[in-house]
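1. Quick check, what structure comes out for this input:
(2 chains)
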Amino acid sequence: DAKTTQPPSMDCAEGRAANLPCNHSTISGNEYVYWYRQIHSQGPQYIIHGLKNNETNEMASLIITEDRKSSTLILPHATLRDTAVYYCIVSVMDSSYKLIFGSGTRLLVRP
Amino acid sequence: GAGVSQSPSNKVTEKGKDVELRCDPISGHTALYWYRQSLGQGLEFLIYFQGNSAPDKSGLPSDRFSAERTGGSVSTLTIQRTQQEDSAVYLCASSPVSRLEAYEQYFGPGTRLTVT
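-> Below is the predicted model of the structure:
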(Lines give C-alpha, C1' and ligand atoms only; values in the text may rest on other atoms or scores of the structure.)
Protein backbone atom coordinates (compact mmCIF):
# COMPACT_ATOMS: atom_id res chain seq x y z
CA ASP A 1 0.00 0.00 0.00
CA ALA A 2 1.10 3.55 -0.70
CA LYS A 3 2.42 5.38 2.34
CA THR A 4 1.26 8.79 1.22
CA THR A 5 -2.01 10.71 1.01
CA GLN A 6 -2.68 13.30 -1.69
CA PRO A 7 -5.77 15.21 -2.80
CA PRO A 8 -7.26 13.58 -5.90
CA SER A 9 -7.35 16.76 -7.95
CA MET A 10 -6.32 20.41 -7.97
CA ASP A 11 -6.27 23.23 -10.43
CA CYS A 12 -4.41 26.47 -10.82
CA ALA A 13 -4.16 29.30 -13.30
CA GLU A 14 -1.38 29.39 -15.85
CA GLY A 15 1.54 31.48 -14.62
CA ARG A 16 0.64 31.07 -10.98
CA ALA A 17 2.32 28.82 -8.47
CA ALA A 18 0.93 25.33 -8.02
CA ASN A 19 1.30 23.94 -4.51
CA LEU A 20 0.68 20.22 -4.25
CA PRO A 21 0.47 18.79 -0.72
CA CYS A 22 1.37 15.30 0.44
CA ASN A 23 0.89 13.64 3.80
CA HIS A 24 3.35 10.94 4.85
CA SER A 25 2.83 10.76 8.60
CA THR A 26 4.39 7.29 8.97
CA ILE A 27 7.64 8.11 7.20
CA SER A 28 10.75 6.55 8.72
CA GLY A 29 13.88 8.48 9.56
CA ASN A 30 15.90 7.34 6.57
CA GLU A 31 13.14 7.33 3.97
CA TYR A 32 13.19 9.92 1.22
CA VAL A 33 10.25 11.74 -0.31
CA TYR A 34 10.13 11.55 -4.11
CA TRP A 35 7.89 13.30 -6.58
CA TYR A 36 7.12 12.02 -10.04
CA ARG A 37 4.58 13.17 -12.57
CA GLN A 38 2.84 11.49 -15.46
CA ILE A 39 1.65 13.48 -18.39
CA HIS A 40 -1.14 11.84 -20.34
CA SER A 41 -0.02 8.80 -22.36
CA GLN A 42 3.59 9.11 -21.24
CA GLY A 43 5.73 7.28 -18.71
CA PRO A 44 6.28 8.88 -15.31
CA GLN A 45 8.95 11.55 -15.04
CA TYR A 46 11.13 12.17 -12.00
CA ILE A 47 10.79 15.69 -10.57
CA ILE A 48 12.61 16.00 -7.27
CA HIS A 49 13.39 14.24 -4.01
CA GLY A 50 14.42 15.17 -0.49
CA LEU A 51 15.17 13.78 2.95
CA LYS A 52 14.61 16.60 5.42
CA ASN A 53 15.93 19.78 3.88
CA ASN A 54 14.03 21.83 1.35
CA GLU A 55 15.18 21.19 -2.19
CA THR A 56 15.00 23.14 -5.43
CA ASN A 57 15.85 22.26 -9.00
CA GLU A 58 15.00 23.59 -12.42
CA MET A 59 11.57 21.98 -12.33
CA ALA A 60 10.25 22.55 -8.84
CA SER A 61 10.81 23.13 -5.15
CA LEU A 62 10.14 20.64 -2.38
CA ILE A 63 9.25 21.86 1.08
CA ILE A 64 9.36 19.24 3.84
CA THR A 65 7.98 20.04 7.27
CA GLU A 66 10.33 19.84 10.22
CA ASP A 67 8.63 16.70 11.56
CA ARG A 68 8.77 15.24 8.02
CA LYS A 69 5.15 14.17 8.19
CA SER A 70 4.14 16.20 5.18
CA SER A 71 5.60 17.98 2.20
CA THR A 72 4.60 20.35 -0.59
CA LEU A 73 5.72 20.33 -4.19
CA ILE A 74 5.80 23.81 -5.66
CA LEU A 75 5.73 24.55 -9.37
CA PRO A 76 6.56 28.27 -9.26
CA HIS A 77 5.06 29.32 -12.59
CA ALA A 78 2.73 26.63 -13.85
CA THR A 79 2.26 26.21 -17.58
CA LEU A 80 -0.33 24.27 -19.54
CA ARG A 81 2.29 21.56 -20.09
CA ASP A 82 2.40 20.97 -16.33
CA THR A 83 -1.07 19.43 -16.47
CA ALA A 84 -0.42 15.89 -15.25
CA VAL A 85 -0.89 13.44 -12.41
CA TYR A 86 1.63 14.13 -9.66
CA TYR A 87 2.76 11.28 -7.43
CA CYS A 88 4.31 11.71 -4.00
CA ILE A 89 6.24 8.58 -3.04
CA VAL A 90 8.13 7.56 0.07
CA SER A 91 11.06 5.29 -0.66
CA VAL A 92 10.53 1.72 0.37
CA MET A 93 12.71 0.16 3.05
CA ASP A 94 13.54 -2.88 1.00
CA SER A 95 16.42 -4.58 -0.71
CA SER A 96 14.96 -3.40 -3.98
CA TYR A 97 13.96 0.09 -4.91
CA LYS A 98 10.53 -0.39 -6.37
CA LEU A 99 8.33 2.67 -6.35
CA ILE A 100 4.95 2.26 -4.70
CA PHE A 101 2.64 4.62 -6.54
CA GLY A 102 -0.55 5.86 -4.98
CA SER A 103 -3.35 7.49 -6.89
CA GLY A 104 -1.63 10.88 -7.06
CA THR A 105 -3.04 14.35 -7.61
CA ARG A 106 -4.42 15.29 -11.00
CA LEU A 107 -3.31 18.86 -11.59
CA LEU A 108 -5.14 20.89 -14.20
CA VAL A 109 -3.50 24.13 -15.24
CA ARG A 110 -6.11 26.52 -16.62
CA PRO A 111 -5.32 29.06 -19.37
CA GLY B 1 21.52 10.71 -24.87
CA ALA B 2 19.02 7.96 -25.58
CA GLY B 3 16.39 7.26 -22.99
CA VAL B 4 14.67 4.03 -22.12
CA SER B 5 13.08 2.46 -25.18
CA GLN B 6 10.36 -0.15 -25.35
CA SER B 7 8.95 -2.23 -28.15
CA PRO B 8 6.45 -2.69 -29.51
CA SER B 9 4.61 0.51 -28.64
CA ASN B 10 1.29 -1.23 -29.16
CA LYS B 11 0.40 -4.92 -29.16
CA VAL B 12 -2.97 -6.49 -29.80
CA THR B 13 -3.20 -10.20 -29.14
CA GLU B 14 -5.85 -12.84 -28.82
CA LYS B 15 -6.70 -14.37 -25.49
CA GLY B 16 -4.53 -17.41 -24.84
CA LYS B 17 -1.58 -16.28 -26.94
CA ASP B 18 1.88 -15.57 -25.54
CA VAL B 19 3.45 -12.12 -25.84
CA GLU B 20 6.94 -10.73 -25.36
CA LEU B 21 7.63 -7.12 -24.48
CA ARG B 22 11.10 -5.65 -24.80
CA CYS B 23 12.92 -2.96 -22.84
CA ASP B 24 16.24 -1.32 -23.65
CA PRO B 25 17.44 0.58 -20.58
CA ILE B 26 19.69 3.60 -20.53
CA SER B 27 23.28 2.53 -21.12
CA GLY B 28 25.16 2.02 -17.87
CA HIS B 29 22.08 1.77 -15.68
CA THR B 30 22.38 -1.29 -13.48
CA ALA B 31 18.80 -1.42 -12.22
CA LEU B 32 15.77 -2.23 -14.38
CA TYR B 33 12.12 -2.30 -13.37
CA TRP B 34 8.85 -3.36 -14.92
CA TYR B 35 5.54 -1.80 -13.94
CA ARG B 36 2.08 -1.97 -15.42
CA GLN B 37 -0.75 0.50 -15.48
CA SER B 38 -4.28 -0.64 -16.12
CA LEU B 39 -6.82 1.79 -17.55
CA GLY B 40 -7.52 4.54 -15.03
CA GLN B 41 -5.34 2.90 -12.40
CA GLY B 42 -2.04 3.72 -10.78
CA LEU B 43 1.24 2.03 -11.53
CA GLU B 44 1.82 -1.45 -10.18
CA PHE B 45 5.32 -2.82 -9.61
CA LEU B 46 6.04 -6.14 -11.30
CA ILE B 47 9.73 -7.05 -11.14
CA TYR B 48 13.13 -5.53 -10.45
CA PHE B 49 16.62 -6.47 -11.69
CA GLN B 50 19.81 -5.15 -10.12
CA GLY B 51 23.14 -6.20 -11.55
CA ASN B 52 23.82 -9.89 -11.09
CA SER B 53 21.57 -10.24 -8.05
CA ALA B 54 18.50 -12.43 -8.07
CA PRO B 55 15.55 -10.40 -9.36
CA ASP B 56 12.78 -9.24 -7.06
CA LYS B 57 9.72 -10.93 -8.56
CA SER B 58 7.37 -10.06 -5.73
CA GLY B 59 5.05 -8.01 -7.93
CA LEU B 60 4.38 -10.56 -10.65
CA PRO B 61 0.62 -11.27 -10.53
CA SER B 62 0.79 -14.91 -11.60
CA ASP B 63 3.14 -17.59 -12.89
CA ARG B 64 2.06 -16.69 -16.42
CA PHE B 65 4.34 -13.67 -16.09
CA SER B 66 8.11 -13.96 -16.32
CA ALA B 67 10.99 -11.69 -17.18
CA GLU B 68 14.63 -12.00 -17.93
CA ARG B 69 17.50 -9.63 -18.41
CA THR B 70 20.31 -10.75 -20.64
CA GLY B 71 23.84 -9.45 -20.27
CA GLY B 72 22.75 -6.93 -17.70
CA SER B 73 21.08 -4.81 -20.34
CA VAL B 74 18.01 -5.65 -22.43
CA SER B 75 15.03 -7.14 -20.66
CA THR B 76 12.08 -9.13 -21.94
CA LEU B 77 8.76 -9.48 -20.13
CA THR B 78 6.82 -12.54 -21.23
CA ILE B 79 3.16 -13.15 -20.59
CA GLN B 80 1.94 -16.64 -21.38
CA ARG B 81 -1.65 -17.57 -22.17
CA THR B 82 -2.76 -13.95 -22.05
CA GLN B 83 -6.04 -13.04 -20.42
CA GLN B 84 -8.20 -9.97 -20.94
CA GLU B 85 -7.26 -8.66 -17.50
CA ASP B 86 -3.65 -8.49 -18.71
CA SER B 87 -4.62 -5.55 -20.92
CA ALA B 88 -2.62 -2.57 -19.66
CA VAL B 89 0.30 -0.32 -20.42
CA TYR B 90 3.54 -2.04 -19.45
CA LEU B 91 6.24 0.40 -18.40
CA CYS B 92 9.93 -0.22 -18.06
CA ALA B 93 12.29 1.98 -16.05
CA SER B 94 16.00 2.00 -15.37
CA SER B 95 18.12 3.59 -12.70
CA PRO B 96 21.82 4.08 -12.01
CA VAL B 97 21.32 3.23 -8.31
CA SER B 98 24.39 5.26 -7.49
CA ARG B 99 23.64 5.55 -3.77
CA LEU B 100 21.82 3.25 -1.41
CA GLU B 101 19.12 5.64 -0.32
CA ALA B 102 18.51 7.79 -3.31
CA TYR B 103 17.49 6.80 -6.78
CA GLU B 104 15.78 8.25 -9.79
CA GLN B 105 14.00 6.00 -12.19
CA TYR B 106 13.80 6.87 -15.85
CA PHE B 107 10.75 5.49 -17.57
CA GLY B 108 10.20 4.41 -21.13
CA PRO B 109 7.09 5.28 -23.14
CA GLY B 110 5.44 1.96 -22.41
CA THR B 111 3.87 -0.85 -24.42
CA ARG B 112 0.10 -0.78 -24.65
CA LEU B 113 -1.12 -4.39 -24.58
CA THR B 114 -4.67 -5.19 -25.59
CA VAL B 115 -5.95 -8.74 -25.20
CA THR B 116 -9.06 -9.44 -27.23
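
2. What helix or strand is the most centrally placed residue in chain B located in?
-> Geometric centre of chain B, nearest residue: B:Trp34, 2.9 Å, by C-alpha atoms, centre = their mean. Following DSSP states H and E, one finds B:Trp34 within strand B:31-37.

3. So what's the residue count around the closest residue to chain A within chain B?
-> Using C-beta to the nearest C-beta, B:Phe107 is the residue of chain B that sits closest to chain A, at 3.1 Å. Every C-beta, even on glycine, is put in place using the N, C-alpha and C of the backbone. A count of neighbours around B:Phe107, defined by other C-beta atoms under 10 Å in any protein chain shown, yields 23.

4. tell me the contacts of the nearest residue to it once chain neighbours are set aside?
-> For B:Phe107, ignoring the flanking residues on the chain, the nearest one in space by C-beta to C-beta, 6 or more residues apart in numbering or on different chains is A:Gly43 at 3.1 Å. By C-beta atoms under 8 Å, 6 or more residues apart in numbering or on different chains, A:Gly43 lies in contact with B:Val4, B:Leu91, B:Ala93, B:Phe107, B:Gly108, B:Pro109, B:Gly110.

5. hmm, 7 Å instead?
-> B:Leu91, B:Phe107, B:Gly108, B:Pro109, B:Gly110 (C-beta atoms under 7 Å, 6 or more residues apart in numbering or on different chains).
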